[in-house]
Structures are given as structure tokens and as C-alpha cells.
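>>> below is the sequence, then the predicted model.
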Amino acid sequence: MTAPRAAIRGLDAVRGGYTSDADVIVIGSGPGGAVAADNLAAAGMRVALVEAGPEVRPEDMGQAPPLFLARYFWEGGMRLVGGDAPNPAMQGRCLGGGSVMNSAIMLKLPDWVRAEWSRDDQLGAMFDGEPGTALDRAFERVFARTRTQPTPMTVMAARNLRVRDAIAAAGMHGKPLPRAVHGCEGCADCITGCHSGAKQSVDRAYLPAVLQNGGQVFTHSTVDKILVERGAAVGVSGRVIDPDGWQAAGKFTIRAPRVVVAAGVSQTPVVLLKSGLHAGHRVGASLYAHLTGGIVGIMDEPVDPWVGATQGWGAFSEAIPGMKYESLWAPPSLIAVNWGGLGLDFLRSVSEMRNATVMAMVYRGKVSGSVAVGLNGHPRMTLRVPQDEIKVVARGIKTAVDGLLASGARSVGTTVSQVVPERFTDTSQTEALLTDKLRPHHCHMTFNHMFGSCRMSADPKRGPVDVDGSLRGVRGVWLSDASIFPGPSAVNPQATIMALSDIISRRIAGVVA
Amino acid sequence: MLRHRLEAWARETSQLAAHLRWLEPIALRGLAACAETIIPPNDLGAPDISTTKVVDRARHWWRILPPESRGLMLLLYSAMELGGPFLGRRFGRLSKLPIADRLALFQSWRESEVPFFNFIADGVKSPVVMMYLSHPDALRWLGVTTCEHPVKARASLPARARLATTEPS
């Protein structure tokens, strides 16, 4: 008789608690954790993949965003980053992690960032390991697995094309963004899960193989602690959390001599710090983020922005290093949160949504901060935004506003408030964005790309993680998510997370990267 | 040891929301007062907050939020109802103020040079907008069209579903 294949152990299976053992435990099932689990299971290791959140129910995908946030994001989507510009940092908490709710953009780490990381933190050994260039090979494997392709013109629709025009009008060279999708129908609902099943989020692209190779996948299981004996990891312990009431529904312990932590930039340092693993107080001592702002152009004709690939077109600025522009869409209830005004002004503003096209500006600024464990056990994150960088952000927003106006928008709104007009109708007005009065809290930026809470560096003084992904000060613990980035990636981080995780996990498994 | 005790205490208080149920009626009155200010009766054809059931749906949403976020919502809107006017040097409950006065109060927070007030203004507005614009009537008013939903989704997750439920032949 053939043994049944492993199934995802959901709430019914883990309620009441459990114990297990494995060769390696992977904490977190997002892009970093899923790739690691896949490689380790494929190499014949007994893998236990532990995810704090639930599996996303298909019927919840593309549905009411507040409920989706409440069920599938840390702290119901209200996790905050404090500092100069307090803002929510939306962090996925479900099987597949952030890959379930991002736009599936897959961009390679730019050469200039790669050179910087190699120079400052000696990551060359990891990137260029034998044979050939390890990082390039990892990107190839990841792109193949996720069926990454440039967004086809057939699903661009008007919103992406208006952004294409604006980018061209601003003097930049744009192109279709590569995305991990197969058969995208342009529903623009990536952020609440892709209900058509086209997005190759890691729960679709990787986890079935983990199960097929005998891996165990546990959901609803929040790791509280990595267990360490005589300087080496021996397992993890934690609680089963029932989201219906959010009460602990049992405890679990899994024993294994290897632990790969891929819980995300905010959660990974929390797990380590709660376990007493601070690597010379360098865990959580750093934090970086892209500064992201939204620019909304109102066209004369209907755009129907809810149609077309969520983020199909983009460009890098040559004038401002580290500045990137993308088309964007999200459900109206999320995208309109910062739309202008209150009362009738707000209603008039959103009544034009059908004619709207939206650009996102993503900037690799010199933003830095830290992560600590808050008294409630959640991460307490702080980011400082230097005033000089706000001036660069303002220039970046001005470029986008000018581009949209030049390409036919009759008015353009931004997320900058108070010191500049809520809407621009002519390029002669946009100089106002360069005012010296602009401060971080005027900009209403979001921090959806965060990095580096446990930096990877050859120099122990610069980061707690060595260049093979191992945590210093303890044996048998590796990290494989964006927390190990030595700095901001300048592009959407998913592909780089997956590629680094691919290298780290293959080396743990003894497979040539 | 002290830290562990503090953490344990804080974890307990993060479950505060469960013990703050008595605040819910006050918070809901505060939410309703905020909602009818942000989404006022209008002649633009936009549905109002009762048609879109903003308050009832927010109550349901709060109940499925994690405790700390639920507590945050209850505290925010209770504070608005009981203390919002005071922040604008007015007295009485927010829900008793005329809508025009509430609007002026929120507007002053949005325009304040003190980040705390900006944060409060955004914090009050965001949940209302989320609730309002996720209602089908509001989406219809905007003209939103969406792809056909989930039957396809079930068909599109066969690999995982099969792995979870079947044995190999």
C-alpha cells in the first residue's frame, strides 16, 4: 500500500498542538521560505515548513479588501512603522506570504546594487561562487520556475498604457515589467490574491513540490522561540493560533538540527531576539526601506483602471539614481485611502476614479532605522527619513506629475499634502513640489519594500549574518528573506529574496548553487 | 525576568479588546459620526453610509481583526467620540456636533503642522474609506467592473488541492 502524500496541515490538523521532528525547519512560507523548503526537500531532507498564517481561501481572493487584510496580513494590515513618517507596512501572514498579495514583479538585482553589496559587504563569494555566477544561475532557476515573462501587451489595458505615455513624456525609457504570472487575464486584483490562479505565487509555484517530496507544511503556527542547546539549534517551539478569536489553540514543538528563518523583515528579528539570538546586538539594529508614493492622473476619457495587469509598465529614472516608476492598481477601497479631501471634496475626487491612471514612485533613499520587540511581542519598527532624501522624493514626484500632465492628464493628485496643492493642472504649477517646507510627514509614503533588519556581511561588525546566510553566534541557524539584504535592492525584492534563498538553501543541502 | 513579566503583561493587555467590548457602542457612535462627515449625504449620486452599511460592516470587520488591531480601532473611535471635540477646543461628543463643525475639525487636523494630528486624521479616514468603497453599491457608483470571480479559482488551484486531498494512484 502506498503511503498517502503529505497534505497541508491546516487548523483542524494542528489544533490542540503537536510535536514533530525533521532534518530542517523552515520558518515562514513566503518567497524566501518556500524556495528554501523546496530545495531542501528536493535534496532528500525531511523538511518542516511552519507558517504563522492560514492558507488563503479561494473565496476570499479578490473580495472585500478590509476582510482580506484582517485575515491574511500581520496585525490585520495595521502593522506600523514609526519614525519621521509613520505609516502602515503591510506584511503578509498566510501560506505563500507576500507573494500572494504582491503584483508579482520579478526584477533582477541591478548590477550597481550588486557591485555595492560586493564591495561593502564582500558578498562576491556568494554571488560568484563556483561554477559560474551563482546569483545569475539562481535568478534563471527562479524565473523559470515562476514562469516570469514581460507583461504582454494584451493585458496592459488603458491604465498601463497611459503610464507608458507619461513615462515617455517624462523622457524615460519604459518597458513591460516582468511578472511571475501565467495566463494573466488582467483582473488587477493581485493585491487581494489572484483569483484566476494566474499569479505564480510561491504557494502555487513551490509548495506543491515541497509536499510531493515529503515535506510537512504546518499553518496557523507562530514560532515563539528557536530552541538552542550547547550553542546549536535543536528545534523550534510556538503556539497554534486560531484566527477565529485569535486565541492560542495549542502549543507545538518541532525538533531539528537546522533552522532556516524566513519570517520576513519585521518578523525574523523578532523570532531571533525572543530566542536570545542577537549576534552581538546586531539583529534588528538596522532597517531600510524604499520610499513609495502614488501619483494619480485624471484623464479626459474613461480609463477603467480596474482593468489590466496590476503593474504592467515601468521605468528606471536616469536622472535620479535609484528612482523607479511603475503603473499601479489596487482595489478602490485601498487605493483611495489617501485620495484628496474629506466630505464632498473626497466624493468628487473618487467620482473621477473611472478616468484615473495611477503611477507609483519607488525610491531607494538613504532611509534607515531599526526593529525591536515591542512589549506586545510584535515588532516595533522605526525609520528615519533624511530631509535631503525628501527633496529627491519631491523631484521624483514632480517628474511623474509633469509626465502625466504632458501626456494628457487634465489634473494630477499626489500623496503629498499640506504644503503643495492637492491637484496640479499645469506643469507651471509643479515647481511648488520643490518647496523647502516639505517634510517627511507631508509625503504620506508607504513602506511596502523593507530590508536589512539582519544584514548579511563578511564583517561581523556590519551585520549578524555571514555571507553563507548563517547567523553568527549559533550553529545551525540560517536566514533567507529580505532581512539579510545589506541595503535596499532598488527593485521589487521578491526575485532577489528567492535567488538568495535558492543559493543559501542549495548550499545547506550540499547542492552546488 | 522583569522584561518577561512586562511582555506577559503586554500580551495580556493586547487581548484588551476582548475586555473592551463595553467600549464598542461608543466606538461605533464615533465611527458613525466620522463616516457621515467623510461620506456626507450628497447629490453626486454616491450612496450614503447607511446604504453601504459602513457601521455594521465595520463592526463585523473589527470582530475578525487581531485583538491588538481591534483594540486600536475601539480606542481610536471611542477617543474620537468622547475627546475629539476637545482636541478642537470644543466640548461635547463628536456625534452631537453638526457635520460642518466635524468637517472643520478633521480638516484642521489634516492641515496641522503637528504630525500627530495628521496621523489621527488619516487614521480616522482610512477605515471609513475602506469600508465604504468595498461595498457593491459604492463600486457600482464608481463604475467598477471586475473579472468573474471564484468558480475559476477553484479550478485554478488543482495542483495544491489535489496534493492536499488525494493519494497517488
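All right, it came through fine.
>>> so where's chain A shaky on pLDDT?
A:1-6, A:129-132, A:512-513 (pLDDT under 70).
>>> what's the lengthiest strand in it packed up against?
Criterion DSSP state E: the longest strand present in chain A is strand A:232-242. Packed against strand A:232-242, as judged by 3 or more CB pairs under 8 Å, 6 or more residues apart in numbering or on different chains; DSSP states H and E, are the following elements: helix A:11-14, strand A:24-27, strand A:221-229, strand A:247-255, strand A:259-261. (Each C-beta comes from the backbone N, C-alpha and C, glycine too.)
>>> and those as JSON lines, adding mean neighbour count and distance to chain B?
Shown next, in JSON lines, are the helices and strands packed on strand A:232-242 (neighbours: other CB atoms under 10 Å in any protein chain shown; distance: least, CB to the nearest CB, whole Å):
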{"stretch": "helix A:11-14", "mean neighbour count": "15", "distance to chain B": "11"}
{"stretch": "strand A:24-27", "mean neighbour count": "31", "distance to chain B": "17"}
{"stretch": "strand A:221-229", "mean neighbour count": "19", "distance to chain B": "11"}
{"stretch": "strand A:247-255", "mean neighbour count": "17", "distance to chain B": "8"}
{"stretch": "strand A:259-261", "mean neighbour count": "32", "distance to chain B": "20"}
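>>> thinking again about what came up before, now do the longest strand of chain A and strand A:221-229, the angle between them.
160 degrees (axes from the mean of the first three to the mean of the last three CA atoms, to 10 degrees).
>>> identify the residues contacting strand A:232-242?
Residues outside strand A:232-242 that contact it (CB atoms under 8 Å, 6 or more residues apart in numbering or on different chains): A:11, A:14-18, A:21, A:25, A:27, A:50, A:52, A:220-228, A:247-259, A:474-477.
>>> for the residue positioned nearest the centre of chain B, report the pLDDT, please.
Central residue of chain B (CA atoms, centre = their mean): B:P127, 3.1 Å from the mean position. At B:P127, the model reports a pLDDT of 95.
>>> let me see the domain layout of chain B.
B:10-134, B:137-169 (automatic domain parsing).
>>> quickly, which of the ones you listed bottoms out on average pLDDT?
domain B:137-169 (a mean of 55).
>>> related to what we said a few turns ago, could the domains of chain B be laid out in JSON lines, adding distance to chain A?
Formatted as JSON lines, those follow (distance: least, CB to the nearest CB, whole Å):
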{"stretch": "domain B:10-134", "distance to chain A": "4"}
{"stretch": "domain B:137-169", "distance to chain A": "2"}
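>>> hmm, back to that, can you give me the buried ones in the longest strand of chain A?
Applying a neighbour-count criterion of 16 or more other CB atoms under 10 Å in any protein chain shown, the buried positions in strand A:232-242 are A:A233, A:G235, A:V236, A:S237, A:G238, A:R239, A:V240, A:I241, A:D242.
>>> convert the C-alpha atoms of it to CSV, please.
Taking C-alpha atoms only, strand A:232-242 is exported to CSV below (Å, rounded to 0.1, in the frame of the first residue of the first chain):
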residue,chain,number,x,y,z
ALA,A,232,23.4,24.8,18.3
ALA,A,233,19.8,24.9,17.2
VAL,A,234,17.8,21.8,18.1
GLY,A,235,14.3,22.9,17.1
VAL,A,236,11.5,25.5,17.5
SER,A,237,8.6,25.9,19.8
GLY,A,238,5.5,28.1,19.4
ARG,A,239,1.7,28.4,19.6
VAL,A,240,-1.1,27.4,17.3
ILE,A,241,-3.3,30.5,16.8
ASP,A,242,-6.9,30.1,15.9
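>>> how far away from the center of its chain is that strand?
24 Å (CA atoms, centre = their mean, to the nearest Å).
>>> that strand to strand A:247-255, inter-axis angle?
160 degrees.
>>> pick out the residue of chain A closest to chain B.
Nearest residue of chain A to chain B: A:G197, at 2.2 Å (CB to the nearest CB).
>>> can I assume that residue is in contact with A:R204?
Yes. Using CB atoms under 8 Å, A:G197 is in contact with A:R204, at 7.2 Å.
>>> how about the helix ranked longest in chain B: buried residues?
If each helix of chain B is counted by residues according to DSSP state H, the longest one is helix B:67-87. Under the neighbour-count criterion of 16+ other CB under 10 Å, helix B:67-87 has B:67-74, B:76-82, B:84-85, B:87 buried.
>>> could you point out which element follows it?
Of the helices and strands lying after helix B:67-87 in sequence (DSSP states H and E), the nearest is helix B:99-111.
>>> that next one - contacts with which helices or strands?
Against helix B:99-111 (3+ CB pairs under 8 Å, 6+ apart) you get helix B:24-38, helix B:67-87, helix B:115-132.
>>> using JSON lines, lay out the ones you listed together with distance to B:W109.
Output for these, formatted as JSON lines (distance: least, CB to CB, whole Å):
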{"stretch": "helix B:24-38", "distance to B:W109": "11"}
{"stretch": "helix B:67-87", "distance to B:W109": "8"}
{"stretch": "helix B:115-132", "distance to B:W109": "4"}
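>>> that older thread, highest mean neighbour count out of the domains of chain B?
Neighbour counts (mean count of other CB atoms under 10 Å in any protein chain shown) averaged over each of the domains of chain B peak at domain B:10-134, with a mean of 19.
>>> quick one on the thing from earlier: out of the domains of chain B, flag the one nearest A:P58.
domain B:137-169 (3.8 Å; CB to CB).
>>> assign residue 141 to helix, strand or coil.
Using chain A. helix (DSSP: H, G, I helix; E, B strand; the rest coil).
>>> hang on, it packs against A:S505?
No. Counting by CB under 8 Å, A:S505 is not a contact partner of A:R141; they are 11.4 Å apart.
>>> comparing these two, which shows the higher neighbour count?
Between A:R141 and A:S505, counting by other CB atoms under 10 Å in any protein chain shown, A:S505 is the more crowded of the two (31 against 18).
>>> rewinding a little: how about the CA coordinates for the longest helix of chain B, as PDB?
C-alpha atoms of helix B:67-87 as PDB (Å, rounded to 0.1, in the frame of the first residue of the first chain):
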ATOM      1  CA  PRO B  67      -7.000  41.700  19.200                       C
ATOM      2  CA  GLU B  68      -4.400  44.500  19.200                       C
ATOM      3  CA  SER B  69      -5.800  46.000  16.000                       C
ATOM      4  CA  ARG B  70      -9.300  45.600  17.200                       C
ATOM      5  CA  GLY B  71      -8.400  47.300  20.400                       C
ATOM      6  CA  LEU B  72      -6.800  50.100  18.400                       C
ATOM      7  CA  MET B  73      -9.900  50.700  16.400                       C
ATOM      8  CA  LEU B  74     -12.100  50.700  19.500                       C
ATOM      9  CA  LEU B  75      -9.800  53.100  21.300                       C
ATOM     10  CA  LEU B  76      -9.400  55.400  18.300                       C
ATOM     11  CA  TYR B  77     -13.100  55.800  17.600                       C
ATOM     12  CA  SER B  78     -14.100  56.000  21.200                       C
ATOM     13  CA  ALA B  79     -11.500  58.700  21.700                       C
ATOM     14  CA  MET B  80     -12.900  60.500  18.700                       C
ATOM     15  CA  GLU B  81     -16.400  60.300  20.100                       C
ATOM     16  CA  LEU B  82     -15.500  61.300  23.600                       C
ATOM     17  CA  GLY B  83     -12.500  63.500  23.100                       C
ATOM     18  CA  GLY B  84     -12.300  64.600  19.500                       C
ATOM     19  CA  PRO B  85     -14.200  67.800  20.000                       C
ATOM     20  CA  PHE B  86     -11.900  68.600  23.000                       C
ATOM     21  CA  LEU B  87      -8.900  68.400  20.600                       C
END
